[in-house]
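Enquirer: I'd like to go over a predicted model; first the sequence, then the structure.
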Amino acid sequence: MNQTRPIQVQGKPLGGGTLPVIITPLVGKTLAVILDEVAAIVPKKPDLLEWRIDFFEAIGDVKVVVDAALAIRKASGGIPVLLTRRNVSEGGMPIPIAEPAVVAMYAAACQARCVEMIDYELSNAPEDLKLLREVSAANGIALIMSYHNFQLTPDAEMLDSKFAAAERLGADVAKVAVMPTNEQDVLTLLAATDRARQALKIPLISMSMGGIGSLSRIMGWVYGSAATFAVGKSSSAPGQIAIEDLRAVLATVRRAVTGG
């Protein structure tokens, strides 16, 4: 089996190198609700918390964002934090600020070093991708460049191009998440992940969403996806599995695949 590359955070493999690492979302509208989520999730020991800041009511206030991120990290018990504003066109929530303010918020978070990773979509303006690559790298923050399609699964050529674009633009991790319309689409996504693993040098995250795609959340690591998303308290995308259930299934799959 070809090697699935682990995600690196501050020079160390996330989750101690165990594959796949488990990411759980935080989707509260206020800091109080988010901290309640953190308190419920931390005992379940995910490898990474994804703060979906497009749900956060105070996204437009940079100081509040930085302070909230620091509070999340303090409450996380050492679990790293990924900051994500998901674009509406790729499944995110509407927000009250324009893209320049989003970029400024990300840049401020990187400069404050209040999170360990950020996620920014490949569909954004090249100059914004370049700026966030520069500011995240300067502050030791890992950058995921991502592509999401909640309508369908593009063809193999398109999927290949999205993975490759992330590496070409300097991402630390390439992420592709797509919606299957049939069982074959799940295989198309897994095959694209395997090709990217062989062709690229950076870690990958991929998933086929929805009920049909849930298999990819369990088996994707076999094909090159270094991470999977699970429900800690609230879901952020269709097809996410409860962390307790996912961890139990992953343990069985790991034993079967690796013999360990």
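Expert: That came in fine, so what should we check first? Residues are numbered from 1 along each chain as shown.
Enquirer: Contact partners for V102?
Expert: Applying C-beta atoms under 8 Å, 6 or more residues apart in numbering to V102 gives the contacts R85, I95. To be clear about C-beta, it is placed using only N, CA and C from the backbone, and glycine gets the same treatment.
Enquirer: Does it fall in a helix, a strand, or a coil region?
Expert: Put simply, V102 is helix when judged by DSSP: H, G, I helix; E, B strand; the rest coil.
Enquirer: Kindly report the same for the one 3 residues further on.
Expert: Per three-state DSSP, the secondary structure class of M105 is helix.
Enquirer: Could you verify my assumption that it touches V65?
Expert: Yes - the pair M105 / V65 is scored as a contact, 5.7 Å apart, by C-beta atoms under 8 Å.
Enquirer: which residues do those two both contact?
Expert: With C-beta under 8 Å, 6+ apart as the test, M105 and V65 both reach I53, I59.
Enquirer: longest strand anywhere in this protein?
Expert: Using DSSP state E, we find that the single longest strand of the chain is strand 142-149.
Enquirer: so how far is it off the chain centroid?
Expert: Centroid separation between strand 142-149 and its chain, computed with C-alpha atoms, centre = their mean, to the nearest Å, is 7 Å.
Enquirer: do stretch 242-255 as well
Expert: Mean-position distance between stretch 242-255 and its chain equals 19 Å (C-alpha atoms, centre = their mean).
Enquirer: Kindly confirm my reading that G220 is in a strand.
Expert: No - counting by three-state DSSP, one finds G220 to be helix, located in no strand.
Enquirer: okay, now it: neighbour count?
Expert: Using other C-beta atoms under 10 Å, the number of residues around G220 comes to 27.
Enquirer: contacting residues around it?
Expert: P20, L190, T193, S206, M207, T228.
Enquirer: which is the next helix or strand following the longest strand of the chain?
Expert: Once strand 142-149 ends, the next helix or strand along the chain (criterion: DSSP states H and E) is helix 156-168.
Enquirer: Pull out the buried residues from that following helix.
Expert: Going by neighbour count (16 or more other C-beta atoms under 10 Å), the buried part of helix 156-168 is L159, D160, K162, F163, A166, E167.
Enquirer: who does the helix or strand bottoming out on mean pLDDT in the chain pair up with?
Expert: Least confident helix or strand of the chain, by mean pLDDT, DSSP states H and E, is strand 241-242 with a mean of 83. Using DSSP bridges, the strands paired with strand 241-242 are strand 227-231 (parallel).
Enquirer: chain center to the partner strand: distance?
Expert: In terms of C-alpha atoms, centre = their mean, the centre of strand 227-231 is set 8 Å apart from its chain centre.
Enquirer: pLDDT on that strand, on average?
Expert: The average pLDDT within strand 227-231 is 92.
Enquirer: From the rest of the structure, what touches that strand?
Expert: Contacts to strand 227-231, defined as C-beta under 8 Å, 6+ apart, come from residues 7, 14, 20-25, 46-48, 50, 205, 207, 217-218, 220-221, 236-237, 240-243, 246-247, 250.
Enquirer: What segments of the stretch 1-150 of the chain are strands?
Expert: 8-9, 12-13, 21-26, 48-52, 81-84, 117-121, 142-149 (DSSP state E, counting those that start in this stretch).
Enquirer: Packing partners of the fifth one?
Expert: Meaning strand 81-84. With contacts defined as 3 or more C-beta pairs under 8 Å, 6 or more residues apart in numbering; DSSP states H and E, the packing partners of strand 81-84 are strand 48-52, helix 62-75, strand 117-121.
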